[in-house]
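**Q** What shape does this take:
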Amino acid sequence: MFNMFSKQSRIDREIKTVETMITMYCHDLHSSNNKLCDDCQQLLDYARERLEKCPFREEKPTCAKCPIHCYKPEMREKVRSVMRYAGPRMAYRHPVQAIRHLVNGRKKELPNPRQMV
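**A** Next comes the predicted model:
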């Protein structure tokens with residue numbers, strides 16, 4: 001039976017969510033079909049790298065609530081554009097991922113691990 005809150009790791013779920021959002025954005029705005037344009041692929045690769053290096057691991061909040069802003073300003077703005085576009089559309093196209101993202105977004109902010117000495 002399908003379990004909406006399966007044992008998939010938090011980081012893996014975040015990667016899947018950002019991949020879905022970038023794919024929607026690229027498909028709809030860059031007229032891409034089965035593969036991402038170079039800019040969107042580069043953004044996805046960057047997002048994956050940042051998520052895989054997240055110091056919070058399984059306790060990771062959504063990036064908007066994270067005390068560490070690990071994205072370069074240019075990439076952060078690109079991700080914001082993607083999320084502004086794809087976020088509202090997630091509820092219709094990918095409702096389970098949208099609900100998970102909303103639930104994770106309600107988690108309490110964590111202290112900056114760099115300040116926890």
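
**Q** For the rest of this, base every contact and every neighbour count on C-alpha atoms.
**A** Will do.

**Q** Out of the helices and strands in this protein, which is least certain?
**A** helix 95-105 (a mean of 68; mean pLDDT, DSSP states H and E).

**Q** T17 reaches Q97, doesn't it?
**A** Yes - contact criterion Cα atoms under 8 Å: T17 and Q97 qualify, at 6.4 Å.

**Q** Do you have the helices of the chain handy? List them.
**A** 10-29, 38-52, 73-93, 95-105 (DSSP state H).

**Q** so where is this structure shaky, pLDDT-wise?
**A** 1-7, 98, 101-117 (pLDDT under 70).

**Q** At the geometric centre of it, which residue sits there?
**A** For the chain, the residue nearest the mean C-alpha position is V18 (3.5 Å; Cα atoms, centre = their mean).

**Q** residues contacting that one?
**A** 44, 47 (Cα atoms under 8 Å, 6 or more residues apart in numbering).

**Q** State the distance from it to E77.
**A** 14 Å (Cα to Cα, to the nearest Å).

**Q** since we're on H69, how many residues are nearby?
**A** By other Cα atoms under 10 Å, 11 other residues sit near H69.

**Q** check contacts around it.
**A** C63.

**Q** Now with 7 Å, please.
**A** With Cα atoms under 7 Å, 6 or more residues apart in numbering as the criterion, no residue contacts H69.

**Q** Over to it: give its phi and psi.
**A** phi -100, psi 100 (degrees, to the nearest 10).

**Q** Thanks again, I'm all set now.
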